[in-house]
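Novice: Kindly return the folded structure for what I paste below:
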Amino acid sequence: MFRILVVDDDADLRLSVASALSENHYHVDQARDGEEGVNRVRAGKYDLVLLDVNMPRMSGLEALKEIKNYDPSIIVVILTAFSNVRDAVEATKEGAYNYLEKPIKAENLVYIIDKAIKAHKMIKDITLSAPVFQLPNGTEFVGQSNEMKKIFSVIDKLARVETAVLIRGESGTGKELVAVALHHNSPRKENRFVTVNCSAIPENLIESEFFGHEKGAFTGADSRKIGKFQYADGGTLFLDEIGDISAAMQVKLLRVLQEKRFTPVGSNREAEVNVRIVAATNRNLEEMIKKGEFREDLFYRLNVLPIQLPPLRERKNDVEILSTYFIQKFNQQHGKNITGISADAMALLKAHAWPGNIRELENVIEHAFVIETTTQITVESLPETLNHLDATARKVALGLTRSANLNADLDFDGDESEQLMAAGAEDIIISPEAIDSAPAIFSLDIAKLDFQASKEEFERQFLISALKAFKGRINQTAIHANIPKKTLLRKLEKYGIVAKEFIQPKK
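Specialist: Model (predicted):
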């Protein structure tokens, strides 16, 4: 269903717009200002945002920039009074699709939305039908986060040139996939792509592996051997774990990069080679340079335009799309028909820190395929590795999933009463697990019943429970509890909560 967010500080206008769109079978949520609107966009999936220009805390133009920076594919329509048309025109220059003048007529609203839907579908179809990168054997590059879009842009630039490339990132982030993309989208794609795992080759054999050797060059050299450099001539040589090679090999590798020639082991003749070098490492080369473990000149030769792959914990927006990709992959491999992932299971996937990154996620999904007996991956089919959270943190993660039915983020600055009315009382389900995890949040003194005071107490107790669950770590609390870090810090200051008090000493 096409999802729309209405952002305006005028509650009557929000209600009338939401009513008109709901009658046309659109799913509509509301936000009362730019800051709340941006937070909702980050917390949910919206196809279109109706955005007022003049609002408290964050203006429509500021919110537009934040939304477009977060996801350029979201269509934004500006709502503006006649006197602010100039601002609306400025907004279209910043990426807004169109604008509507107030007072808004229902027929004009529906007409603009219908046109926006067609534009949205066209953008989506073009994106899906024309992938940026060509990879062999049906392999796909998956990622919709801003972090990965930047990576794709860098790969696109580097695929057109011949310079050496250094790919950096933690284990399991997809460094070899980037190297493959660079090769298969370059002029060298018709020639070989050769991989060498530098950490897997014994030190006394690595020179022979790189450059080859002559018969009788050393004990056991019973025949002449062509090295990886010569084998990859005209193509791309991917040197994985480049930080693990010795200082002596670093010197010889630097010479090949500079002069395009080398001498095989046991030979008196030089061989010329035309190879593009793509290297990768998960090690801190700058620290290794300081310790004298890695040559600075080789580092700068490789590090012309580096690619830094983000860990999965920093691109949580991609967990869902990656999971969907792996489900499709394993459906074909295992002959099953898993259609998706339950909300609770997805909540735990997004709460996990993913130390093994994408490789770990792939293993988790395959594990679920083996265990699951239904058509949907559930919490029960996930491996024990996802139980790294303590009991309270796990309950908080699952509790947040149930409360998501209210379409409310955790800033608590919106008009909650209006949101509850829109949701309908019968739709409101409070998770027993969430109640168990923070019983103080849900206890009310009827004799002192006051909505504003109760709301603030709920907020304060929730923050305390979240900090306890994640042991006072601000970043972890913000990520797993789905609270923007700035909002979290502001709320902690408001209630005088000191995060350090919840840090548990190491045993």
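Novice: pLDDT wise, what is Phe442 at?
Specialist: Phe442 carries a pLDDT value of 41.
Novice: For the residue nearest to Lys336 when sequence neighbours are not counted, give me its contacts.
Specialist: Once flanking residues are discounted, Lys336 sits nearest to Phe369: 6.2 Å by C-beta to C-beta, 6 or more residues apart in numbering. All C-beta spots, glycine's among them, are computed from the backbone N, C-alpha and C. Contact analysis of Phe369 by C-beta atoms under 8 Å, 6 or more residues apart in numbering lists Phe330, His334, Lys336, Ile338, Ile377.
Novice: Contact partners for the residue lying closest to the fourth one once chain neighbours are set aside?
Specialist: In space, and not counting its chain neighbours, Ile338 is closest to Ile327: 5.3 Å by C-beta to C-beta, 6+ apart. With contact taken as C-beta under 8 Å, 6+ apart, Ile327 is in contact with Ile338, Gly340, Ile341, Ile365, Ile377.
Novice: after the regular element (helix or strand) spanning Ile327, next one along is what?
Specialist: Element membership of Ile327, judged by DSSP states H and E, is helix 319-334. Sequence-wise, the next helix or strand downstream of helix 319-334 (DSSP H and E) is strand 340-341.
Novice: re earlier: by neighbours, which of the contacts of Phe369 wins?
Specialist: Ile377 (25 neighbours; other C-beta atoms under 10 Å).
Novice: Would you list the phi and psi of that one?
Specialist: phi -70, psi 130 (degrees, to the nearest 10).
Novice: related to what we said a few turns ago, which one of the contacts of Ile327 is nearest Val498?
Specialist: Proximity of the contacts of Ile327 to Val498 was ranked by C-beta to C-beta; the top entry is Ile341 with 37.1 Å.
Novice: The closest one is in contact with Gln376, isn't it?
Specialist: Yes. With contact defined as C-beta atoms under 8 Å, Ile341 counts as touching Gln376 (6.7 Å).
Novice: of these two, who's got more company?
Specialist: Ile341 (25 against 14).
Novice: ok, now which ones touch the nearest residue to Gly143 once chain neighbours are set aside?
Specialist: Of all residues not flanking Gly143 in the chain, Asp318 sits nearest, at 4.9 Å (C-beta to C-beta, 6+ apart). Contacts of Asp318 were listed using C-beta under 8 Å, 6+ apart, and they are Val142, Gly143, Gln144, Ser145, Met148, Leu312.
Novice: The fifth one reaches Leu312, doesn't it?
Specialist: No. Using C-beta under 8 Å, Met148 makes no contact with Leu312, being 10.6 Å away.
Novice: Looking at those two, which one has more neighbours?
Specialist: Counted by other C-beta under 10 Å, Met148 and Leu312 do not tie: Leu312 has more neighbours, with 25 against 19.
Novice: give me phi/psi at the residue nearest to that one when sequence neighbours are not counted?
Specialist: Closest residue to Leu312 in three dimensions, ignoring its sequence neighbours and counting by C-beta to C-beta, 6+ apart: Trp354, at 4.1 Å. Here is the backbone geometry of Trp354 (degrees, to the nearest 10): phi 50, psi 60.
Novice: what's the answer for Gly220, then?
Specialist: Residue torsions, per degrees, to the nearest 10, at Gly220 are phi 100, psi -10.
Novice: Likewise for Ala31?
Specialist: Dihedral angles of Ala31 (phi, psi; degrees, to the nearest 10) stand at phi -140, psi 140.
Novice: give me the beta-bridge partners of it?
Specialist: Beta-bridge partners for Ala31, by DSSP bridges, are Val7.
Novice: separation between it and Lys68?
Specialist: Counting by C-beta to C-beta, to the nearest Å, the separation of Ala31 from Lys68 is 16 Å.
Novice: Show me which of the two is the more surrounded one.
Specialist: Ala31 (31 against 16).
Novice: which ones are touching the more buried one?
Specialist: Counting by C-beta under 8 Å, 6+ apart, Ala31 has contacts Leu5, Val6, Val7, Gly37, Asn39, Arg40, Gly414.
Novice: Pull the most distant pair out of these.
Specialist: Farthest pair in the contacts of Ala31, by C-beta to C-beta: Val6 and Asn39, 14.6 Å.
Novice: my read: Ile67 touches Val76, true?
Specialist: Yes. At 6.1 Å, Ile67 counts as touching Val76 under the criterion of C-beta under 8 Å.
Novice: Next, show the common contact partners of the two.
Specialist: Val49, Leu51.
Novice: which regions of the stretch 1-150 of the chain sit below the pLDDT cut-off?
Specialist: 1, 82-90, 92-94, 119-140 (pLDDT under 70).
Novice: What ranges does it have for its strands?
Specialist: Under the criterion DSSP state E, counting those that start in this stretch, strands of the stretch 1-150 of the chain are mapped to 3-7, 27-31, 48-52, 75-80, 98-101.
Novice: Given the shortest one, what are its sheet partners and their directions?
Specialist: Within its sheet, strand 98-101 is paired with strand 75-80 (parallel), according to DSSP bridges.
Novice: residues making contact with stretch 217-237?
Specialist: 179, 182-183, 186, 188, 191-194, 196, 208-215, 256, 262, 264-267, 271, 273-278.
Novice: Mind checking which of the residues you listed are in helices?
Specialist: Using DSSP state H, Ala179, Leu182, His183, Ser208, Glu209, Phe210, Phe211, Val256 are the members of those that sit in helices.
Novice: okay, the contacts of Phe369 in TSV with pLDDT next?
Specialist: Shown next, in TSV, are the contacts of Phe369 (pLDDT from 0 to 100):
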residue	pLDDT
Phe330	90
His334	85
Lys336	86
Ile338	89
Ile377	92
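Novice: any idea how far Ile104 lies from Ser153?
Specialist: Counting by C-beta to C-beta, the separation of Ile104 from Ser153 is 37 Å.
Novice: next one: Ser145
Specialist: On the measure of C-beta to C-beta, Ser145 and Ser153 end up 13 Å apart.
Novice: Show me which of the contacts of Ala31 is closest to Ala164.
Specialist: Asn39 (42.1 Å).
Novice: wait, isn't that closest one in contact with Thr487?
Specialist: Yes. Contact criterion C-beta under 8 Å: Asn39 and Thr487 qualify, at 7.0 Å.
Novice: Apart from its neighbours in sequence, what residue is nearest the residue of the chain most remote from its centre?
Specialist: Distance from the C-alpha centroid of the chain, by C-alpha atoms, centre = their mean, peaks at Gly216 (52.3 Å). Spatial nearest neighbour of Gly216, excluding adjacent residues (C-beta to C-beta, 6+ apart): Gly266 at 6.8 Å.
Novice: got a list of what that neighbour touches?
Specialist: Contacts of Gly266 by C-beta under 8 Å, 6+ apart are His213, Glu214, Lys215, Gly216, Ala217, Phe218, Ala221.
Novice: My guess is Phe238 contacts Thr195. True?
Specialist: Yes. Phe238 lies in contact with Thr195 (C-beta under 8 Å); the separation is 4.7 Å.
Novice: Next, show the common contact partners of those two.
Specialist: Glu176, Ala179.
Novice: of those two, who's got more company?
Specialist: Set Phe238 next to Thr195 and count neighbours by other C-beta under 10 Å: Phe238 wins out with 27 against 16.
Novice: In terms of helices and strands, where is the more buried one?
Specialist: Per DSSP H and E: strand 236-240 holds Phe238.
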